[in-house]
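Asks: return atomic coordinates for the entry below.
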Amino acid sequence: MDHDHHDHDHDHDHDHEHDHEHPSVEHEAEVDQVGSRITMKIMISAEEASSNIDEVSKIFRERAKMQGFRRGKAPINMIRQRYRDEIRENVLDQLIPLHIGNEIKARGLKPIHNPMLEDVNFEPGQPLTFTAKFDVQPEVEVAGYKNLTASKTVRLVQDKAVDSAVSNMREQAAKLESVEDGGILAGDYAIVKIALFPRDGKGKKLAEEERFVHVGEERSIPSLNTQLEELKKGDTRKFVTKLGESYPNDLLAD
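Replies: Residues are numbered from 1 along each chain as shown. You can find the predicted model right below:
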């Protein structure tokens with residue numbers, strides 16, 4: 001039986017990504033410098049990590065649809081289990097850049113590239129620990145420089161390079177916020193229920209799955225991004241597309 005062509009129903013909720021002013025936060029840090037290489041070992045308290053997990057979990061509960069429960073009424077433990085990986089990733093994306101940035105600012109350091117992360121340990125109820133390594137501008141002492149002449153080369157930085165750097169900084173400090181009004185935009189995150197049916201409409205439903213989607217990224221379902229944009233909370237849309245061999249087998253499994 002050929003199932004290359006399918007209709008898709010999409011029922012979704014979504015969150016926009018926003019920048020935030022973070023309150024003053026504390027952590028324990030051990031900082032070593034060898035030459036221009038900085039090594040930071042940071043420990044964020046279990047209380048702060050747990051508080052962040054609670055905050056993100058509540059946002060997921062408001063948006064998620066779980067069988068047997070009204071929206072926003074599912075037990076928080078079920079939400080944490082169902083969206084464990086997504087919640088963990090969101091918490092790490094918020095806390096790690098925030099605490100590295102605070103430590104860099106407090107010490108007046110000037111990194112010349114983004115920190116490299118190692119040994120990230122994060123378990124519920126435990127402190128979040130990680131190691132960040134990066135290089136800083138070396139301090140150079142120059143003697144006998146008087147009466148010397150030199151030429152200066154001016155390098156022009158294009159606006160798009162500046163915009164890209166600013167965008168990266170904003171993404172590192174961003175967090176999820178639930179959105180009650182307005183349609184989905186590129187860059188939003190959405191909880192989407194995907195149902196697959198034969199194109200002729202005569203067969204039974206082939207599969208159904210709820211997914212956490214970053215709208216705008218490449219998806220395995222062709223045209224999914226286009227179909228999601230501008231949809232609002234609770235909307236449903238049907239469309240026909242052809243699934244390639246790369247489409248995940250777990251959704252098509254009986």
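Asks: pLDDT score assigned to the residue located most distally from the centre of the chain?
Replies: Most distant from the centre of the chain: N147, at 53.4 Å, with distances by Cα atoms, centre = their mean. N147 carries a pLDDT value of 70.
Asks: same question for it, what's its three-state structure.
Replies: coil (DSSP: H, G, I helix; E, B strand; the rest coil).
Asks: what do you get for N90?
Replies: Under three-state DSSP, N90 falls in the helix class.
Asks: from memory it sits against V56, does it?
Replies: Yes - between N90 and V56 a contact is recorded at 5.1 Å, counting by Cβ atoms under 8 Å. To be clear about C-beta, it is placed using only N, CA and C from the backbone, and glycine gets the same treatment.
Asks: and for the closest residue to I53 other than its chain neighbours, the neighbour number?
Replies: With Cβ to Cβ, 6 or more residues apart in numbering as the criterion, I53 has its nearest non-adjacent residue at 5.7 Å, and that residue is V91. Burial measure for V91: 22 neighbouring residues, criterion other Cβ atoms under 10 Å.
Asks: quick one: pLDDT of V91?
Replies: pLDDT, V91: 92.
Asks: how far away is it from S178?
Replies: Separation of V91 from S178 (Cβ to Cβ, to the nearest Å) stands at 16 Å.
Asks: cool, and F239?
Replies: With Cβ to Cβ as the criterion, F239 and S178 are 26 Å apart.
Asks: for E208, same thing?
Replies: Going from E208 to S178 by Cβ to Cβ gives 24 Å.
Asks: of those two, who's got more company?
Replies: S178 (16 against 12).
Asks: that one bridge partners, please.
Replies: Per DSSP bridges, the residues bridged to S178 are D15.
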